[in-house]
Every structure is written in C-alpha cells, then in structure tokens.
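Participant: Output the structure for:
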Amino acid sequence: MAALFVKHLTVLDFSLLHPQRGILGESWIVDVELAGDLNDEGMVFDFAHVKKAVKAAVQTLFDHKLLVSRKLPSLTIEEKEGYTTLSWQGDEGQYHYQAPTQAITLVDCDELTPEALIPALQQIALDAVPENVTQIKIHLRTEEIAGAFYQYSHGLKKHQGDCQRMVHGHRSRIKILRNGKRDPLLEKAWGLKWKDIYIGTEEDVTGSTEQSTTFSYQAQQGKFELTLPSKQVYLLNCDTTVELLAQHIAQTLKQDDPEHDFEVHAYEGVMKGAIARA
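Facilitator: Predicted coordinates for the structure are as follows:
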C-alpha cells in the first residue's frame, strides 16, 4: 500500500455555536493523506484530482455554514419546508436563527471539536475518490498566529455564492502599520474589539434593544433572520466584505489620530484578505 499527502488542501471558514462564547467564527486548515493501491499510472490518486474532488467534498459539509451540536443545552430545532429554525439560551442571552437548511449543519456530538468532525469529513472524502484509495486521513488545524487576531461572523446578502449565508465566519490575523511601522498595540485593540463578534450591516437591522439585535435579509438562497445579544454585535453602515472591513478600520484609526498615516492588512481566514490605507 502506498500513500500520498497534501498539506493545506483547503480552509474551512464557518461559524459554530459555543455554549459560553456564543456564535464563534472559525477557519480550520485541512491536511489530507490518502492510502491505497497504485493505479495504472503508478499513482494512488493524481494530485490535481485530490485538490479538486477531495477539496469539493469536504467543503460541502461545513464550509460557509453554521455548525450546531444537537446536544447544545436549551437548543430547540424546527425543520420545515427547506428551512431550519434554531433557538437557544447562551451565557450572554437569547439566540434565534432561521435560514435555508443548506446553511446549517447539525452534528451529533457533545462538543464541536476537530476530533468530533473529522470522521464525517473522512467518509465524504472517501466517497469522492476511486476504489483503489482505501483510506483517507484528515487533520484539522488552526493557523498559528503569534500576534493579534479576531474571530467574527457575518453574511453578504449580495454575494452569489455561499458567503450570502447570514452566519458564517472566520478566524483572522490583523496587521496595522502606523507611519510605516507595525503597531502591535493597535492590532491587539482591534483583536479584542472583534473577539467573538457578529459584524452586521445597519440596513439589515429589523429590531434593536439594549438586550438584543435582529437582522433579516433576502438573498439568492432564501431568507435569513438572526437575533443575538446586542453586546456581541458590531454595526457598519455598509456591507461587511473584507475590503470594507479593512477600510473601516483604517478610516476609524485616521479619524481618531489624524496626524498619522495608517495601513491595515485585514485577513479573511487564512492567507487572504484586503489592504486599506488612510
């Protein structure tokens, strides 16, 4: 039996429900190892096909979705006519989410950890490869970030792909330069500001109190509605693309400190993002 591996096959960007922290944006790197008999080409499986078939398979389960443990305390689930409605009580308050069923993955586990999710990923990946591949091992890991990072969830209603799903997220590093020199204190401040946050657009707010905020919009995949504690919400007067997030940070820094110039590298997950200057 022979084996091959692909490091950093893809990144799964998603959000999950955490019992204490609420809606948590995540980005998990996928490494894969395939074992089996050699085919007529002397390969276990062509690397190009691994990057296409296996990548597509693993993304269908969790990427750009909200992951929910069925065993989450106080969780109620209603599935009807292609929609899933979730309600639960968290440490910070009450949550409610209604979305097309394809935007949510329900998992039978006690805790949403890489170890709990790997078996399902390995099975769907194995179903996507030829019979000579008899075993697939998947490893999930987060990016090693020495400095500041933030974890946010959002949705892009105008997007034609899965980014339109109202609750999906990212774990992202941030780099800020003041007058051409990196400023770790500003990076840390924004990392804390956007820790476990939902970044929403003001025009999508349909209800707001001191305790909770409700968002609603119609997108190509269907109607989405989310209610969560207001303390976990950060509002913008624009869409929440990474380009606009970087621009918002840069402009906010310039407004607070107009005598200095700023350059912001805002990441969206792993190894991608946007640059803004002010």
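
Participant: In terms of pLDDT, where does the residue lying closest to residue 196 once chain neighbours are set aside sit?
Facilitator: Excluding the flanking residues, the one nearest residue 196 by CB to CB, 6 or more residues apart in numbering is residue 21, at 4.9 Å. Just so you know, the C-beta spots here come from the backbone N, C-alpha and C atoms, and that holds for glycine as well. The confidence metric pLDDT takes the value 93 at residue 21.

Participant: Next: residue 52.
Facilitator: Reported pLDDT at residue 52 in the predicted model: 87.

Participant: just how off-centre is stretch 218-238 within its chain?
Facilitator: 15 Å (CA atoms, centre = their mean, to the nearest Å).

Participant: got it, and stretch 33-44?
Facilitator: Here the centre of mass of C-alpha atoms in stretch 33-44, compared against the chain's by CA atoms, centre = their mean, lies 33 Å away.

Participant: so how far does it reach from one end to the other?
Facilitator: Length of stretch 33-44, first residue to last, CA to CA, to the nearest Å: 11 Å.

Participant: Give me the residues contacting that stretch.
Facilitator: 1-5, 45, 50, 54, 129-130, 132-139 (CB atoms under 8 Å, 6 or more residues apart in numbering).

Participant: that older thread, do you know how far the residue nearest to residue 196 is from residue 98?
Facilitator: 21 Å (CB to CB, to the nearest Å).

Participant: Now find how far off-centre the biggest helix by length in the chain is within its chain.
Facilitator: Across the chain, the longest stretch assigned as helix under DSSP state H is helix 242-256. Put simply, helix 242-256 sits 21 Å off its chain's centre (CA atoms, centre = their mean).

Participant: Okay, buried residues for it please.
Facilitator: Using 16 or more other CB atoms under 10 Å as the test for burial, helix 242-256 gives 242-250, 253.
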